[in-house]
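Trainee: predicted model follows, preceded by the sequence.
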Amino acid sequence: MAKAKPPSKAKPAPRTKRVAAAVPESLGAQPDLAAVRAQIDGIDREIQSLIAERALWARQVGKAKGKLAAAVDYYRPEREAQVLRRVVDRNEGPLADDVLVRLFREIMSACLAQQEPLKVGYLGPEGTFSQQAVHKHFGHSAKGLPLASVEEVFDEVAAGHADFGVVPVENSGQGTIQSTLDMFITSPLKICGEVELRVHQYLLSRTGHIEDIERVYSHGLSLAQCRGWLRQHLPQAEKHAVASNAEAARRARNADDSAAIAGENAGHVYGLKVVAGPIEDRPDNTTRFLVIGRALFPPSGHDRTSIMVFVRDQPGALFKVLEPLARRGISMNRIESRPAHTGLWQYAFFIDAGGHVEESPLRDALADLEDFAENVTVLGSYPVAVP
Ligand SMILES: O=C(O)C(=O)C[C@]1(C(=O)O)C=C[C@@H](O)C=C1
């Protein structure tokens, strides 16, 4: 491996913005292939040397942070969000924002893994949408830990066996995943990020023939996302809800008359053929995941805060919870009320609001709320998902 030049001590000169250099008109309708490839080779050389240089600077950042105990201490979600937002702001095409974001995430993921890869727990086995969410948020240099349940993801992060966890919390068509929210009532963990994943469902089987299918396995949420399609195309088949889509794929692998609804990736992992897909009823089907960890992080400039508020059952309780936020014009994306398990008819309100807990106006609104509520817990302030 050739050695990249170490960063010089001097402050690096700001790099000039390199607008996608127009391909010269003189190349004509059918340019010479060898000439075009020579251009690409030259650009690749430059990209590679810049990536190597960036990796060296990222090491310097590591040193600048001082001697830290583990990879988790080097991870800065607010900084990553800022880097990615700048990528989007600079983008003038031809590649789409989400494509460039994916590439830069991978670069940051590799830079961070120079210290030690992050360990991230998710609802396994391999091939689940949760695993895709891990890759989307942390890049492929993070080490994914497939776990048996969302509860286990919380436990492993709390015990320090995983640095972070990624858990599904809501689907655009099906609403909130209550069991995930309820975990926060007793867990000390914090929310450090969110990931939005477009979810495409596929019907997968060993033979690939729809006429063989008598049984369909999937996670309950995935079955619900494809209810209309199943009613139309497989009305007679038995539907079985199982712990995860990948578990469904594992079962479908064992019998010709069984199929799974899962991501296309699960088909590759478990050697199944695509019978049909995408088969989700809503074309914008999106699942939101939360990144859970043990610490809170500073503001990124565009953040969301999740809070949990306990109130006694009393007239106007909900109004009093919302009023301090509404009065300050704070945007609220969600409110859910859940039984608090601390006493009969006591409720926990889960609220997602715009802003960071360390910054006004949210900080002041929370102070008002604390005067009235039995308890206010900040579950986390984290960067709004970058596409
Ligand atoms: O800026 C930092 O704090 C870094 O550690 C560098 C870097 C990066 O590659 O840009 C890497 C990991 C962090 O999560 C954030 C950013």
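Mentor: Received, thanks.

Trainee: which parts of the stretch 51-200 of the chain are helices?
Mentor: Along the stretch 51-200 of the chain, counting by DSSP state H, counting those that start in this stretch, helices occupy 71-74, 77-90, 97-113, 129-138, 150-158, 178-186.

Trainee: pick the most deeply packed of these.
Mentor: Among those, ranked by average contacts under mean count of other Cβ atoms under 10 Å, first place goes to helix 129-138 (a mean of 26). Quick note: C-beta positions are derived from backbone N, CA and C, even for glycine.

Trainee: ok, and does that helix reach over to the ligand?
Mentor: No: Helix 129-138 does not reach the ligand (Cβ under 6 Å from any ligand atom); its nearest approach is 9.3 Å.

Trainee: distance from that helix to the middle of the chain?
Mentor: 6 Å (Cα atoms, centre = their mean, to the nearest Å).

Trainee: do stretch 367-387 as well
Mentor: Averaging C-alpha positions (Cα atoms, centre = their mean) puts stretch 367-387 20 Å from its chain's average.

Trainee: just confirm yes or no for it near the ligand.
Mentor: No: using Cβ under 6 Å from any ligand atom, stretch 367-387 stays clear of the ligand, coming no nearer than 11.4 Å.

Trainee: quick one: residues in contact with stretch 141-153.
Mentor: With contact meaning Cβ atoms under 8 Å, 6 or more residues apart in numbering, stretch 141-153 is reached by 106, 109-110, 112-113, 117-126, 128, 131, 134-135, 156, 161-162, 165-168, 179-180, 183, 243, 292.

Trainee: can you list the residues of the chain near the ligand?
Mentor: So the chain meets the ligand at Ala58, Val61, Tyr74, Tyr75, Arg76, Arg79, Glu80, Val83, Met108, Cys111, Leu112 (Cβ under 6 Å from any ligand atom).

Trainee: dump those to JSON lines, plus pLDDT and distance to Arg45.
Mentor: Shown next, in JSON lines, are the residues of the chain next to the ligand (pLDDT from 0 to 100; distance: Cβ to Cβ, whole Å):
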{"residue": "Ala58", "pLDDT": "91", "distance to Arg45": "21"}
{"residue": "Val61", "pLDDT": "86", "distance to Arg45": "25"}
{"residue": "Tyr74", "pLDDT": "87", "distance to Arg45": "29"}
{"residue": "Tyr75", "pLDDT": "92", "distance to Arg45": "31"}
{"residue": "Arg76", "pLDDT": "94", "distance to Arg45": "30"}
{"residue": "Arg79", "pLDDT": "96", "distance to Arg45": "28"}
{"residue": "Glu80", "pLDDT": "97", "distance to Arg45": "27"}
{"residue": "Val83", "pLDDT": "97", "distance to Arg45": "24"}
{"residue": "Met108", "pLDDT": "97", "distance to Arg45": "22"}
{"residue": "Cys111", "pLDDT": "95", "distance to Arg45": "20"}
{"residue": "Leu112", "pLDDT": "93", "distance to Arg45": "25"}
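
Trainee: tell me the one among the residues you listed nearest to Ile191.
Mentor: Distance to Ile191, by Cβ to Cβ, is smallest for Tyr75 among the residues of the chain next to the ligand, at 14.6 Å.

Trainee: check the secondary structure at the residue of the stretch 201-350 of the chain found nearest the ligand for me.
Mentor: Distance from the ligand to each residue of the stretch 201-350 of the chain (Cβ to the nearest ligand atom) is smallest for Phe297, at 10.0 Å. Assigned by DSSP: H, G, I helix; E, B strand; the rest coil, the conformation of Phe297 is coil.

Trainee: okay, it: pLDDT?
Mentor: What the model reports for Phe297 is a pLDDT of 95.

Trainee: and the gap between it and Val357?
Mentor: Between Phe297 and Val357 the computed distance is 11 Å (Cβ to Cβ, to the nearest Å).

Trainee: average model confidence for stretch 46-56?
Mentor: Mean pLDDT, computed over stretch 46-56, is 97.

Trainee: hmm, back to that, including distance to Glu194, could the helices of the stretch 51-200 of the chain go into CSV?
Mentor: Formatted as CSV, the helices of the stretch 51-200 of the chain follow (distance: least, Cβ to Cβ, whole Å):
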stretch, distance to Glu194
helix 71-74, 18
helix 77-90, 10
helix 97-113, 14
helix 129-138, 9
helix 150-158, 15
helix 178-186, 12
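
Trainee: now for the ones you listed, which one comes closest to Asp212?
Mentor: Here helix 129-138 is closest among these (Cβ to Cβ), at 25.5 Å.

Trainee: helices and strands around the closest one, which ones?
Mentor: Using 3 or more Cβ pairs under 8 Å, 6 or more residues apart in numbering; DSSP states H and E as the contact test, the elements touching helix 129-138 are helix 97-113, strand 119-123, strand 143-147, strand 164-171, strand 190-198, strand 286-293.

Trainee: name the helix or strand of this protein that has the lowest mean pLDDT.
Mentor: Every helix and strand of the chain was ranked by mean pLDDT, DSSP states H and E. The lowest is helix 71-74, at a mean of 80.

Trainee: which other helices and strands contact that helix?
Mentor: If you count contacts as 3+ Cβ pairs under 8 Å, 6+ apart, helix 71-74 packs onto helix 97-113.

Trainee: check the offset of the helix it packs on from the chain's centre.
Mentor: Centroid separation for helix 97-113 versus its chain: 13 Å, with Cα atoms, centre = their mean.

Trainee: list of residues touching that helix?
Mentor: With contacts defined as Cβ under 8 Å, 6+ apart, helix 97-113 is touched by 51, 54-55, 58, 71, 74-75, 80, 83-84, 87-88, 91, 118, 136-142, 386-387.

Trainee: now swap in stretch 263-270 and tell me
Mentor: 126-129, 131-132, 199-202, 204, 245-246, 248-250, 252-253, 260, 272-274, 277.

Trainee: just the ones of these in strands?
Mentor: Of those, the ones assigned to strands by DSSP state E are Tyr202, Leu204, Ala260, Lys273, Val274.

Trainee: from these, keep the buried residues only.
Mentor: Those of the ones in strands among the contacts of stretch 263-270 that meet the buried threshold are Tyr202, Leu204, Ala260, by 16 or more other Cβ atoms under 10 Å.
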